[in-house]
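Undergrad: Sequence and predicted model, in that order:
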Amino acid sequence: SSSFTSRMVQLVYNHWAEGNSEQALELLHFLKEKHMPFISKIGRDDVLIQSVMEHHAPIDIDFIKMVLESGLVNVNTCITRNEDPGCHRVQTPFSVAFGAENLELLQLLLEHGADPYLANRTWEQITQAGDPDIDIIIHSTLGLEKKTHEEIMEFYVQVHELILDFFLEKLARVTESIEI
């Protein structure tokens, strides 16, 4: 059974997919006015995580961008299995996008302030140790479980490069703006 949030995200997406982006945005704001929780500690009830999960094949980047730019979601929502028994370890929008293997979405989330290491740090705090199976990001079960170890490592490298390039470009912009 799908959650109320999942159904609402689908309704908003349907408006979006039909070319009614203004109505989709209006619906998001209407739902906010009616006190629909956009940020939740239950994965199926968090609008951004649902938007990434529900639309991961193929992900509509423009829809996710509209959800992010609505200002109604938290790009660093962090859900743990302590809060949501349905959560395998830790879920963040970034880790869910990582599980969907979508570099473009990962880039978009970084541009909107996503912390790529939040899931990993949170998992280490919960376990007080860290997990030898986890390198950079806690991956969700959306796609990587079906990959070979080599394929997963190749994707890890691509994501590491994406994160490094993003922060190096950001550092370069900041450095350019500072007068010496």
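TA: Great, that's in hand.

Undergrad: could you pull out the strands for the protein?
TA: For the chain, applying DSSP state E gives strands covering 79-80, 90-91.

Undergrad: Can you give the strand pairings for the last one, parallel or anti for each?
TA: It refers to strand 90-91. Using DSSP bridges, strand 90-91 pairs in its sheet with strand 79-80 (antiparallel).

Undergrad: quick check: longest helix of this structure.
TA: Longest helix in the chain, counting residues (DSSP state H): helix 149-177.

Undergrad: Give the buried residues for that one.
TA: If you call a residue buried by 16 or more other Cβ atoms under 10 Å, then helix 149-177 has these buried ones: I152, F155, Y156, V159, L162, I163, F166. Just so you know, the C-beta spots here come from the backbone N, C-alpha and C atoms, and that holds for glycine as well.

Undergrad: tell me how far it is from the chain's mean position?
TA: For helix 149-177, the separation from the chain centroid amounts to 17 Å (computed by Cα atoms, centre = their mean, to the nearest Å).

Undergrad: So which elements touch it?
TA: helix 103-111 (3 or more Cβ pairs under 8 Å, 6 or more residues apart in numbering; DSSP states H and E).

Undergrad: contact partners of the helix it packs on?
TA: With Cβ atoms under 8 Å, 6 or more residues apart in numbering as the test, helix 103-111 has contacts from 52, 59, 61, 64-65, 68, 75, 93-94, 97-98, 114, 116, 158-159, 162-163, 166.

Undergrad: what is the orientation angle of it with helix 149-177?
TA: Direction vectors for helix 103-111 and helix 149-177, defined by axes from the mean of the first three to the mean of the last three Cα atoms, to 10 degrees, enclose an angle of 40 degrees.

Undergrad: Of all the residues in helix 103-111, which ones are buried?
TA: L105, L106, Q107, L108, L109, L110.
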